[in-house]
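Q: predicted model and sequence follow; I will ask about them next.
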Amino acid sequence: MAIRNIREDGDEILRKKCKTVEVVDEKIKQLVDDMLETMYKFNGVGLAAPQVGVLKRVVVIDIDDGKGPYVLINPEIIKEKGEQEVEEGCLSFPNQFAKIIRPAEVTVKALDRDGKEYKIKAKELLAQAISHEVDHLNGILFVDKIIPGTLEVVKN
């Protein structure tokens, strides 16, 4: 496992659409392991492959619910329900936080670390994290969805 560099605001890779993972091989498993280690190192809730410079549809999430970490390869949100106003930040936008509207519930279909398909019905924080990370795979960033006037930049 290795800590990878997190791409930050202004890096053009964050605006690119990711490619589907054709085969969950050792290279993808290594990417997943590195992403988890990187996410934990920087105290993140989620991390998408483009944030570490890889244009593949791979996401890791751990909301500290005792069920994670969640590994989502080729995630596809197949159902959304309701909406919630949430405070959000992003490892690619250090020290920036804002309010966003996200779905209150999502159902997502994905492959796990072993390439097996599964579904998650997620609510609240997990729904928020999945929506945020799937957006990354499509080149959409949380700053694109900010409720006007809610952006806060926290000084270190």
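A: Done, it's in.

Q: just the buried residues of stretch 5-24, please?
A: 6-7, 13-14, 18, 21, 24 (16 or more other CB atoms under 10 Å). For every residue, glycine as well, the C-beta is placed using N, CA and C.

Q: for that stretch, what is the distance to the chain centroid?
A: 11 Å (CA atoms, centre = their mean, to the nearest Å).

Q: that stretch: end-to-end distance?
A: 22 Å (CA to CA, to the nearest Å).

Q: which neighbouring elements make contact with the longest strand seen in the chain?
A: The longest strand of the chain (DSSP state E) is strand 70-81. When contacts are defined as 3 or more CB pairs under 8 Å, 6 or more residues apart in numbering; DSSP states H and E, strand 70-81 sits against helix 26-41, strand 58-61, strand 105-111, strand 117-123, helix 124-137.

Q: can you list the strands that the next helix or strand after it pairs with?
A: Going down the chain from strand 70-81, the next helix or strand is strand 84-90, by DSSP states H and E. Using DSSP bridges, strand 84-90 pairs in its sheet with strand 93-102 (antiparallel).

Q: returning to what we had before: can you flag which of the buried residues of stretch 5-24 belong to strands?
A: Using DSSP E, none of those sit in strands.

Q: can you put these in CSV and add pLDDT?
A: Formatted as CSV, the buried residues of stretch 5-24 follow (pLDDT from 0 to 100):
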residue, pLDDT
6, 97
7, 97
13, 97
14, 98
18, 98
21, 98
24, 97
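
Q: in JSON lines: those residues, plus distance to residue 55.
A: As requested, those are exported to JSON lines (distance: CB to CB, whole Å):
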{"residue": "6", "distance to residue 55": "15"}
{"residue": "7", "distance to residue 55": "11"}
{"residue": "13", "distance to residue 55": "7"}
{"residue": "14", "distance to residue 55": "10"}
{"residue": "18", "distance to residue 55": "5"}
{"residue": "21", "distance to residue 55": "11"}
{"residue": "24", "distance to residue 55": "16"}
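
Q: restricted to helices, list these.
A: Within the buried residues of stretch 5-24, no residue falls in helices by DSSP state H.
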